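Engineer: Fold the following, please.
(chains A, B and C)
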Amino acid sequence: MTAVPAEAVPSERRRLKVDEAAIGDRIYEIVTTACALVIPALVIAIAIAIFAGAWPAFSKLGLSIVTSSDWDVQAGRFGAAPAIFGTLVSSALALVIATPLAIGVAVFLSEFSPTWLRQPIGFLVDLLAAVPSVVYGLWGIFVLVPMLRQHVMPFLRDRLHLGATPFFSGPAYGPSMLAAGVILAIMALPYISAVSREVLMAVPRSQREAALALGATRWEMIRDAVIPYAKSGIIGGIMLGLGRALGETMAVTMVIGNRAEISASLFAPGYTMASLIANQFSEATSDLHQSALLAVGAILFVITLIVNAVARWLVWQVSRDGAV
Amino acid sequence: MLQSIEVSPEPRVIPRVVVPRAAAAESRVATAPDKPCIIATHLSAFFGDTPAIRDISMVVPQSAVTAIIGPSGCGKSTLLRCINRMHETAPNTRVDGQVEILGSAIYGDGTSPTAVRRHVGMVFQRPTPFPTMSVRTNVAAGLRADPKSRLARQNVDEIVEEALRRAGLWEEVKDRLNESAMTLSGGQQQRLCIARALATRPRVILLDEPTASLDPLSTQKVEELVYHLRETVTVVIVTHNMQQAARVSDRTAFLLAGELIELAPTNALFTAPKDPRTEAYITGRFG
Amino acid sequence: MKTRLARHWMSGAMIGLTYLAAVLATLPLLLILAHLIRKGAASLSVAFFTHMPGPVGEVGGGMANAIVGTLILIGIACAIGLPIGIGAGIYLSEKRSMPFAQSVRFLSDVLNGLPSIVMGIFAWTLLVKPVGHFSALAGGTALGAMMIPLVTRTTEEMLKVVPISLREAALALGYPRWRTSLSVVVRTALAGIATGALVAVARIAGETAPLLFTALGNQFWSTALREPIAALPLQIFAYAISAYDEWHAQAWAGALVLISIVLVISLAARLVTRSKFGAPVD
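Structural biologist: A predicted model of the protein is given here:
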């Protein structure tokens, strides 16, 4: 055994009293807390920036921003009703298309998919969220819109005779609310699907087995035992998708036609709040113009804030550890 | 274990516990304990309001192995963790009383827990090598705890080799010092953790059930090295395995429900326990 | 009401529908990718990466300035988003369920879901309006602000996976808390944290809306931080809505480059972390 030099005992006594570690710990604590504080500070800063800038327009124009359809820059009238209408309609349409598909995929992956297929298909669906908006827009302009104009719209209008209804009437130019709805559906799908998949997989086996033991078919088990259990999480996922659709800018701008009109027809071009801002902001002439655009931004901010907060809250209720 | 020990109506039972190595050290154990290394005075430790150990006072002598035994949940690990102020790293915990190590009180105003832990080595139940570091960097990790200390400036390679030799691991890893620590087997990883604890040349080393997750061969190796460590270091070992306590320790403390029931030279505790509860435990009536 | 047979038929039909849903859901991605490869590869050449945009109507030219611009914007964004995001992630992983940490976590998710154009408006108010001109700095700041919630969440997730026993081992060696966190816990999770950061970069590299009135875009070569700067997504957008076929072709090439980067990073991240939930690149 080698002789081990011993630490001198008196210095040990001294050393036990000194503590430089406390300083390091303090600094560490302060730095990490400061970083964490940036997040709520950022949310508040964004709110202040937008509302401060929007205030002149709100005070001068009042509710007309929301109710009027008259957007006349020269005359100083800024009615954004068509844009608000367009945002809501395109997002609603997106949800109508995406939700059944997303839940269907989620059910498929959590219940029926062969194990080897689960990862690849899940990955491919999730990848939809990674595609940049402008790429969707590009594909939308050159592939989706021509396809709608040449095939889908005539089919809906003539073959299915939906042209008789106000929803599918008017000339089929291509760029339209329908195009926006379809593209937004593709973009919202991965969010709804991922959350739904997560909550469906979290449903305990006992629920499934109990239903099957009572004689339910596999579909009935899912409809009556699994989905109700996961309901609030799925709704949260749908709201998450809604939040995405409401705020989408580029892809929508490129396929919706950018016409500030309210129309009942899905074939008609339209406008959304995000595309309104995107189109006009960099060239806004007067201060009031800028402020009006910021006012539209403020409305968009508030709507998406509420939708996302509710969505996250719902998802938190059911997910395993509070984070999806 | 319960089947192999007979319970007879006589108060004094000789349990079938093999005591081979301790026999050699019997002469040392029979005399009065050496100078004290660790003195615990009225030590209590709490999780929230629940005490895990109550009012324990005991003396651990220098250059000896002291074992702490007792049934699950009796507070053995908590007692151990109070010696190097690890108990308070968990949330909502509290310690009352005092512990002196080599004459210095470790609890009290101005005493730094970090400094205490630098001078006391600890090895846990499961091997915990740092996964992103090599064997050498793992062993030397303790040297970086206080970059200003004298140790940090000495030749790292010498210290690493010395620690690995003391842990009985040098021959097996001397050609693999730069490989990741995760390439070692479980038993080797645990000995690596022991080497890591020894590298800072502590006077006290605490072992919390160090062989609980090891195979019999590795267990034997660890027990041998613990036995030899006593020459230079004071060892306190917590174990749920009574045979192990009998094999490696000079003195044994028996804990039950957070209280110190009996502390005696190992051979005496196992052959002639004074307290009926000690006797009940070592004869397997509960545990 | 329903016979056993009818119920089984119904069950089979619904199951078939879910198969159909799976097909329909994976179809758009494959279609888009196929189209991108076909259209984009035709216009992609070395010149794309090295040349500047050509005059209107001429074949050839490239997006060199846009590619460099995107890299610079990513650099600025990382300088802001990475330190704050990692710091906040460390904070959240250590304070777990304390009330303030819960609210920060919640707000981070909410911030994540805000429209990217709102982030652009914010950066505009902060960095464009007061000085009266557009700049790369403003664009980078908008992107950096978007990175923060992404990096925070992935960092926290990666740190949570590190076992407590490692932290205890470091503390028992006498490491102060801060050194325990940095030298042991963060170091162990570093690969995962880096992957999360990369995924966040992939996400913001494709963002256009926040750049529309911050970085603005630039037809010429510019690397100055206080000037407008070109960016790949901006260029793709400008070319896509233009009237010229040659520019459309360039837009496809640019889109192919952009999505290749995003896909490669996403795939690599999946392999490294093997996320069992398959959560989207959020």
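Engineer: C-alpha only now, for contacts and for neighbours.
Structural biologist: Will do.
Engineer: where in the stretch 1-150 of chain B is pLDDT low?
Structural biologist: For the stretch 1-150 of chain B, residues meeting the criterion pLDDT under 70 lie at B:1-34, B:148-150.
Engineer: Swap in 50 and give it another go.
Structural biologist: Scanning the stretch 1-150 of chain B with the threshold set as pLDDT under 50 gives B:1-32.
Engineer: For it, just list every one of the helices.
Structural biologist: With DSSP state H, counting those that start in this stretch as the criterion, the stretch 1-150 of chain B has helices at B:21-24, B:26-30, B:76-83, B:113-119, B:135-139, B:150-153.
Engineer: pretty sure residue C:73 is touching residue C:135, no?
Structural biologist: No: the pair residue C:73 and residue C:135 does not pass the contact test of C-alpha atoms under 8 Å, sitting 10.2 Å apart.
Engineer: Name the residue in those two with the higher neighbour count.
Structural biologist: Neighbours per residue (other C-alpha atoms under 10 Å in any protein chain shown) separate residue C:73 from residue C:135, with residue C:73 holding more: 30 against 24.
Engineer: Report the contact partners of whichever residue of the stretch 1-150 of chain A sits closest to chain C.
Structural biologist: Per C-alpha to the nearest C-alpha, residue A:36 is where the stretch 1-150 of chain A lies closest to chain C, at 4.2 Å. Residue A:36 makes contact with C:84, C:87-89, C:91-92, C:104, according to C-alpha atoms under 8 Å, 6 or more residues apart in numbering or on different chains.
Engineer: switch to 10 Å and redo it
Structural biologist: Shown in contact with residue A:36 (C-alpha atoms under 10 Å, 6 or more residues apart in numbering or on different chains): A:30, C:84-92, C:100-101, C:104-105, C:108, C:148, C:152.
Engineer: Tell me the helix or strand right after the worst-scoring helix or strand of chain A on mean pLDDT.
Structural biologist: Using mean pLDDT, DSSP states H and E, the weakest-scoring helix or strand in chain A turns out to be helix A:9-15, at a mean of 43. Next helix or strand after helix A:9-15 toward the C-terminus (DSSP states H and E): helix A:21-61.
Engineer: distance between that following helix and the chain's centre?
Structural biologist: Helix A:21-61 has its C-alpha centroid displaced from the chain centroid by 23 Å (C-alpha atoms, centre = their mean, to the nearest Å).
Engineer: Next SSE downstream of it?
Structural biologist: helix A:64-67.
Engineer: Closest to the centroid, which residue in chain C?
Structural biologist: By C-alpha atoms, centre = their mean, chain C has its centre lying nearest to residue C:203, at 0.9 Å.
Engineer: Surely that residue touches residue C:149?
Structural biologist: No: the pair residue C:203 and residue C:149 fails to qualify as a contact (C-alpha atoms under 10 Å) at a distance of 12.0 Å.
Engineer: Get me the contact residues on the stretch 51-200 of chain B for chain C.
Structural biologist: Residues of the stretch 51-200 of chain B lying close to chain C (C-alpha under 10 Å from any C-alpha of the partner chain) are B:81, B:84-86, B:89-90, B:112-133, B:141-146, B:193, B:196-197, B:200.
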